[in-house]
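In: quick one, structure for this:
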Amino acid sequence: MKMFGNLFRRNASQKLSALLLIFGFIWGLVLLRFTFQQPKHQNSAELREQILELSKRYVRALAEENQNAIDGPHGASMAGYADLKRTIAVLLDDILQRLGKLENKVDDMIASRLTNNTNSTNSNSMSAGASKQMNNQEFSDLCGLTSIDGFPYCEGKIKWLKEMWKSESCYANYGVNGSTCSFIKYLSEVESFCPLLPERIKMIAAAISLKPKAKFLTSLDGLLAVLAEHEELTWIKLRIERMKEKWITAVKALAKKHNLENRPQKKILLHLGLLTKESGFKIAENVFKGGPLGELVQWSDLITSVYLLGHNIILSTSVDELKRYLSIVTGNKDGCPIRGDKLLDLIYIDIVGLKQLKSVLGTSFTHYRCLLRVLDSFGTEPEFNHAEYSKIKNHASPWGKLNLIPKQFYNMFPHTPDNSFLGFVVEEYFNENHIALLNTISRTNKALVYGKLADYWKDKIPFLDIVRKYAEIHGTFHEKHNVLLPNYVINHGILSGHNLQLLLREIKIFVGLGFPYEGPAPLEAIANGCIFLNIRFQPPKSRKNTLFFQGKPTFRELPSQHPYAEMYIGKPHVWTVNIENRSEVEEALRQMMKQEVKPHLPYEFTCEGMLERLNIFIEKQDFCLQREIWPPINALRVKMAKPSQSCVEVCQKEQLICEPAFFYHLNKVTELKRYQIKCNTSKKEHDLYLPAFNRQNQMCLLQSDYLLFSCAGSHEVYNRICPCRDYVKGQVAFCQACVEGKEHN
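Out: The predicted structure follows:
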């Protein structure tokens with residue numbers, strides 16, 4: 001201290017140097033403390049706050065020094081203070097920007113440490129989500145639990161809490177007293193990392209039964225009034241107004257088919273991150289200028305469905321709105337959630353919004369992780385979702401590494417069985433009131449090309465020359481995009497939805513060009529009675545060979561422009577061809593011209609199908625308490641894959657779907673024996689292809705990291721053990737035992 005006293009008695013320049021030295025020293029200590037001590041699960045948000053607080057103290061000290069010295073003998077040297085303060089501000093801003101870039105890595109380190117993975121048998125251990133199968137003695141020590149299936153963090157959290165429960169007084173306030181039972185009770189009922197204790201299940205169920213019940217609604221007026229308060233939601237509001245009658249008819253029809261009584265009413269937050277100004281996307285500004293609509297269609301139908309099903313909804317389209325609603329928890333510095341009723345029961349969000357939510361919640365984010373349902377058009381496979389595995393494999397993607405249970409990702413189409421199929425509604429403009437109008441329209445040999453931009457037509461002219469032999473070719477693109485197109489194309493320009501569907505009623509063939517991938521337009525065409533000419537890709541397109549998919553968190557391969565139409569609709573509505581094979585194209589066109597098909601729309605893309613799917617998801621999908629196995633275990637069909645074959649492939653070959661929820665059940669030697677898979681020996685590893693069977697030595701390889709359960713993985717030597725299930729035609733998200741109806745036409 002004597003040394004610092006001497007420093008402060010020197011001139012102003014030396015005083016500034018001393019202040020900078022002290023500031024740097026303290027900042028370094030903060031970083032060291034963050035690195036080596038984690039008693040309160042400190043994350044990057046807390047560290048950011050500490051740096052800002054230290055910065056403010058420094059600026060105040062500098063201002064006081066300036067005030068004392070400005071009139072003194074060193075007044076002239078004070079002119080440098082302003083420049084120095086600006087320099088420090090720039091340095092601090094740079095530090096905080098770097099901190100922001102490291103935020104995800106830091107959070108992954110914390111999750112890794114909390115999980116405390118010591119179970120791996122592989123030298124390249126991965127910690128996020130790792131959880132081994134405990135033996136009978138270990139389970140007996142867990143206060144009566146018989147399984148931790150479906151809770152990837154449970155074991156690591158128990159171990160951590162045994163060591164650290166005294167580090168926070170809030171643990172004792174929740175009843176934690178050092179016993180294993182108190183740990184599990186806390187981790188199951190407060191933080192949702194472990195399954196409920198057997199004796200607590202009925203008690204919790206009884207408490208839930210006393211909560212208010214959801215009553216389905218038959219009016220959208222209240223929702224439309226809320227939407228009118230958000231300028232960003234204008235397009236969504238207009239879509240809902242156009243479809244209002246169909247939605248009301250659908251919810252009434254669903255209420256006759258299913259018992260919609262006695263459903264707990266949920267508090268549901270819907271945060272549209274893509275519409276926030278902070279996202280920088282400007283989607284709301286461009287939506288009426290030809291901007292992307294796919295995600296807005298899905299959000300529109302999700303919001304409508306949740307509202308009509310009778311749940312309490314909160315809409316957020318800005319970070320400020322998100323902060324206001326979550327203000328009660330954003331100031332929480334404890335390692336435990338704030339006591340009292342849960343603020344939310346579900347959170348629907350997109351990837352952009354998820355990053356905003358993490359920033360707003362800070363240390364409280366972990367308490368809301370299991371409530372998340374993330375809208376994700378193209379899907380996120382487990383190997384990209386798992387932060388540590390993705391890092392080891394060097395998978396470059398800005399969208400992965402979230403360490404969620406993969407079923408928490410909600411897709412546009414049922415293309416990624418590791419995720420959930422949310423879908424959307426195909427808008428239908430015509431009903432029984434338009435019969436007279438539709439009777440005046442005749443369908444002739446016309447083909448409408450699916451492509452609004454000239455780039456889509458590039459290199460496709462030889463293919464269109466073949467189509468022209470059988471049908472008159474029409475297009476719907478802006479005039480400025482027709483410079484590269486043949487003069488035989490009849491262009492209608494950009495049409496309104498109503499006029500486009502009137503045109504589709506005249507069209508025989510809706511012609512795909514290979515792009516865009518998996519869009520809603522082919523379903524609209526089929527719903528209006530067109531036959532879709534779908535383009536087959538040879539080889540299939542993926543991030544391995546197609547620029548469009550590079551960076552997306554999936555290795556999924558597209559065998560055609562629209563895999564759903566090819567697989568789940570098929571002939572006579574969909575014909576899939578290789579356009580490089582002229583004879584194949586011509587034969588398909590000849591057959592299509594002979595066909596007379598009626599309008600067809602799969603039930604899952606109707607208002608009623610969307611309502612049914614979301615209602616069951618809200619009721620059955622539980623990533624917090626997980627009080628029941630869903631889908632029911634009697635839907636399981638066990639299949640053995642060939643080497644290099646994924647579970648997606650083997651299930652599809654059997655006209656089934658891979659169901660990752662059943663991996664937990666199959667990941668036991670005793671269960672495998674029931675399916676005639678006899679293991680001479682077994683061992684636990686962690687990789688995408690597990691559980692698997694090694695025929696050479698009759699060894700069963702089991703999964704030690706539950707977040708790596710994957711329908712997509714394969715191994716060149718081992719046979720994957722695959723959990724398949726049947727599905728309802730027209731509602732593929734569900735097994736036949738999952739819904740009351742067996743088939744939807």
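
In: so where's the longest strand in the chain?
Out: Taking DSSP state E as the criterion, the chain has its longest strand at strand 531-541.

In: could you say what helices and strands it packs with?
Out: Strand 531-541 sits against strand 509-511, helix 521-527, strand 558-560, strand 574-577, helix 582-594, with contacts defined as 3 or more CB pairs under 8 Å, 6 or more residues apart in numbering; DSSP states H and E. From N, CA and C alone the C-beta is placed, and that goes for glycine too.

In: report the angle between it and helix 582-594.
Out: On the basis of axes from the mean of the first three to the mean of the last three CA atoms, to 10 degrees, strand 531-541 is oriented at 150 degrees to helix 582-594.

In: check which residues of strand 531-541 are buried.
Out: Neighbour counts over strand 531-541 (16 or more other CB atoms under 10 Å) mark Ile531, Phe532, Leu533, Asn534, Ile535, Arg536, Phe537, Lys541 as buried.

In: tell me which two in the residues you listed are the farthest apart.
Out: Using CB to CB, the two most remote members of those are Ile531 and Lys541, lying 23.1 Å apart.

In: between the buried residues of strand 531-541, which is nearest Asn286?
Out: Using CB to CB, Lys541 is the member of those that lies nearest Asn286, at 27.0 Å.

In: quick one: that closest one and Phe378, what's the gap?
Out: Note on Lys541: its distance to Phe378, by CB to CB, to the nearest Å, is 12 Å.

In: can you work out which residues contact both of the two?
Out: By CB atoms under 8 Å, 6 or more residues apart in numbering, Lys541 and Phe378 have these common neighbours: Phe549.

In: picking that back up, looking at the helices and strands packed on strand 531-541, spot the one closest to Leu404.
Out: Of all the helices and strands packed on strand 531-541, strand 558-560 sits nearest to Leu404, with 24.0 Å by CB to CB.

In: pairing partners for that closest one, with directions?
Out: Each strand paired with strand 558-560, and its direction, by DSSP bridges: strand 531-541 (antiparallel).

In: what's in contact with the strand it pairs with?
Out: For strand 531-541, contacts defined as CB under 8 Å, 6+ apart pick out 447, 467, 508-514, 517, 522, 525-526, 545, 548-549, 557-562, 565-566, 572-580, 588-589, 592, 595, 597.

In: could I get that strand in PDB with only the CA atoms?
Out: What follows is strand 531-541, C-alpha atoms only, in PDB (Å, rounded to 0.1, in the frame of the first residue of the first chain):
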ATOM      1  CA  ILE A 531     -50.200 -33.200 -60.400                       C
ATOM      2  CA  PHE A 532     -46.800 -32.300 -59.100                       C
ATOM      3  CA  LEU A 533     -43.800 -33.200 -61.200                       C
ATOM      4  CA  ASN A 534     -41.100 -33.600 -58.500                       C
ATOM      5  CA  ILE A 535     -37.400 -33.500 -59.400                       C
ATOM      6  CA  ARG A 536     -35.200 -36.400 -58.100                       C
ATOM      7  CA  PHE A 537     -31.700 -35.600 -57.100                       C
ATOM      8  CA  GLN A 538     -28.900 -38.000 -58.000                       C
ATOM      9  CA  PRO A 539     -26.900 -38.000 -55.800                       C
ATOM     10  CA  PRO A 540     -29.100 -36.700 -53.000                       C
ATOM     11  CA  LYS A 541     -28.400 -33.100 -51.900                       C
END
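
In: mean confidence score for it?
Out: Taken as a whole, strand 531-541 has a mean pLDDT of 97.

In: likewise for stretch 704-718?
Out: Computed over stretch 704-718, the average pLDDT equals 95.

In: next: stretch 242-256.
Out: Model confidence over stretch 242-256, given as mean pLDDT, is 96.

In: for stretch 639-647, same thing?
Out: 97.

In: now do the buried residues in it.
Out: Result for stretch 639-647 [16+ other CB under 10 Å]: buried residues Lys639, Met640, Ala641, Gln645, Ser646, Cys647.

In: any idea which of those residues is the one closest to Gly294?
Out: Closest to Gly294, out of all of these and judged by CB to CB, is Ser646, at 26.8 Å.

In: ok, which stretches of the stretch 151-300 of the chain are strands?
Out: In the stretch 151-300 of the chain, the strands defined using DSSP state E, counting those that start in this stretch lie at 213-214, 263-264, 267-271.

In: what about Asn394, how many residues nearby?
Out: For Asn394, the tally of surrounding residues (other CB atoms under 10 Å) stands at 6.

In: thinking again about what came up before, just the strands of the stretch 151-300 of the chain: most buried one?
Out: Highest mean neighbour count of the strands of the stretch 151-300 of the chain: strand 267-271, a mean of 22 (counted as mean count of other CB atoms under 10 Å).

In: on contacts alone, who are the packing partners of that one?
Out: The helices and strands touching strand 267-271, judged by 3+ CB pairs under 8 Å, 6+ apart, are helix 294-308, strand 312-316, strand 346-350, helix 351-361.

In: which one of those lies nearest to Gly144?
Out: Of all those, it is strand 346-350 that lies closest to Gly144, at 29.3 Å by CB to CB.

In: residues in contact with the closest one?
Out: Contacts to strand 346-350, defined as CB under 8 Å, 6+ apart, come from residues 266-274, 295, 302, 306, 357, 368, 371-376, 410, 618.

In: and it, which residues are buried?
Out: Neighbour count says strand 346-350 has Leu346, Ile347, Tyr348, Ile349, Asp350 buried, by 16+ other CB under 10 Å.

In: can you redo the helices and strands packed on strand 267-271 as a markdown table with distance to Ala253 and mean pLDDT?
Out: Listed next are these as a markdown table, based on distance: least, CB to CB, whole Å; pLDDT from 0 to 100:
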| stretch | distance to Ala253 | mean pLDDT |
| --- | --- | --- |
| helix 294-308 | 12 | 95 |
| strand 312-316 | 22 | 96 |
| strand 346-350 | 24 | 97 |
| helix 351-361 | 32 | 94 |
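
In: for Phe662, find the nearest of those.
Out: Phe662 lies closest to strand 346-350 among the helices and strands packed on strand 267-271, at 23.8 Å (CB to CB).

In: can you give me the angle the closest one makes with helix 294-308?
Out: Using the same axes, to 10 degrees: strand 346-350 against helix 294-308 is 170 degrees.
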